[in-house]
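1. Can you look at this prediction? I've put the sequence above it.
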Amino acid sequence: FFASMGDILFFSADNGTTAHELWRTDGTEEGTYMVKDICKPQENQIGGCDGIDAESLSPEHQGWPISVNDEFILFPAKNGSYNEELWRSDGTENGTYMVKDINTFEDDGSIPRHFRLLGDDKVIFSACGYSNACHDKELWITDGTEEGTQLVKDINPGSDGSAPQWFTMLDDVYYFMAEDENYKRELW
């Protein structure tokens with residue numbers, strides 16, 4: 001988990017007290033610190049919770065963050081209710097917040113993945129939006145605001161989702177793999 005924004009490098013770390021959270025560094029000891037404790041444990045909860053789940057950042061889960069125009073980064077994070085949603089940070093505590101609660105089912109989340117930068121400071125990604133089992137990953141777009149975060153297309157309507165992934169750009173067009181009701185894993 002590394003994302004650069006100008007002279008700042010963001011990463012996930014566990015300081016032994018707060019579990020894995022968002023940190024930043026400018027390469028100096030004084031300039032290395034936790035940005036925000038995103039996941040504060042709920043009442044009666046034993047132990048800490050990971051704001052940035054190490055599993056979501058593994059290569060097979062592709063929840064890596066992305067820098068947007070060196071003004072902010074977008075990344076998946078969990079709050080105290082364990083809902084993994086789309087977050088953004090400009091490197092300050094007040095500038096680190098959930099962009100949108102895409103999947104509002106309790107104890108779940110949209111589990112955003114596969115971030116790719118488009119033109120005009122917009123990012124496409126996959127996320128769940130309609131079920132509490134997160135089997136309905138579809139194609140989403142965001143400009144880093146709640147209003148600007150929306151479903152692009154419900155490629156595979158219903159509870160199965162299209163699972164868009166492997167975004168690749170060629171001549172200013174993004175190609176990706178997705179499934180619909182007629183075809184499994186085809187080029188879109």
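-> Structure received. Numbers count the residues shown, from 1 in each chain.

2. R116: what's it in contact with?
-> 66, 123-125, 167, 169, 174 (CB atoms under 8 Å, 6 or more residues apart in numbering). Quick note: C-beta positions are derived from backbone N, CA and C, even for glycine.

3. quick check, distance from the helix or strand hosting L86 to the centre of its chain.
-> Assigned by DSSP states H and E, L86 falls within strand 84-89. Remark: strand 84-89 is offset 5 Å from the chain centroid, using CA atoms, centre = their mean, to the nearest Å.

4. what's it packed up against?
-> Packing contacts for strand 84-89, counted by 3 or more CB pairs under 8 Å, 6 or more residues apart in numbering; DSSP states H and E, involve strand 72-78, strand 96-100.

5. Which one (most neighbours) among the contacts of R116?
-> Neighbour counts for the contacts of R116, by other CB atoms under 10 Å, peak at F125, which reaches 26 neighbours.

6. Next up, the contacts around it.
-> 74, 86, 112-116, 140-142.

7. Return the subset of those lying in strands.
-> Among those, the residues falling in strands (DSSP state E) are 74, 86, 113-116, 140-142.

8. Surely T145 is in contact with V99?
-> Yes - T145 is within contact range of V99, at 6.9 Å (criterion: CB atoms under 8 Å).

9. between these two, which one's more packed in?
-> More neighbours surround V99 than the other of T145 and V99, with 20 against 10 (other CB under 10 Å).

10. I figured the more buried one hits D143, correct?
-> No - contact between V99 and D143 fails when scored by CB under 8 Å: they sit 9.4 Å apart.

11. how close does the residue nearest in space to the middle of the chain get to E186?
-> Taking CA atoms, centre = their mean, the centroid of the chain lies closest to P76, which sits 2.7 Å from it. From P76 across to E186, the span is 26 Å (CB to CB, to the nearest Å).

12. ditto for W23
-> According to CB to CB, W23 and E186 sit 40 Å apart.

13. same deal with K153?
-> 14 Å.

14. Need the nearest residue in space to G161, chain neighbours excluded.
-> D136 (3.7 Å; CB to CB, 6 or more residues apart in numbering).

15. any weak-confidence spans in the chain?
-> Low-confidence segments of the chain (pLDDT under 70): 1, 41-48, 54-63, 80-82, 105-108, 130-135.

16. May I ask which of the contacts of F125 has the most neighbours?
-> Using other CB under 10 Å as the neighbour criterion, P112 leads the contacts of F125 with 29 neighbours.

17. which residues are in contact with both of V99 and D143?
-> In contact with both V99 and D143: T149, using CB under 8 Å, 6+ apart.

18. The helix or strand containing A13 packs against which elements?
-> Using DSSP H and E, A13 falls within strand 8-14. Here strand 8-14 touches strand 2-5, strand 20-25, going by 3+ CB pairs under 8 Å, 6+ apart.

19. if I look at F167, how far off is I141?
-> Taking CB to CB, one finds F167 at 12 Å from I141.
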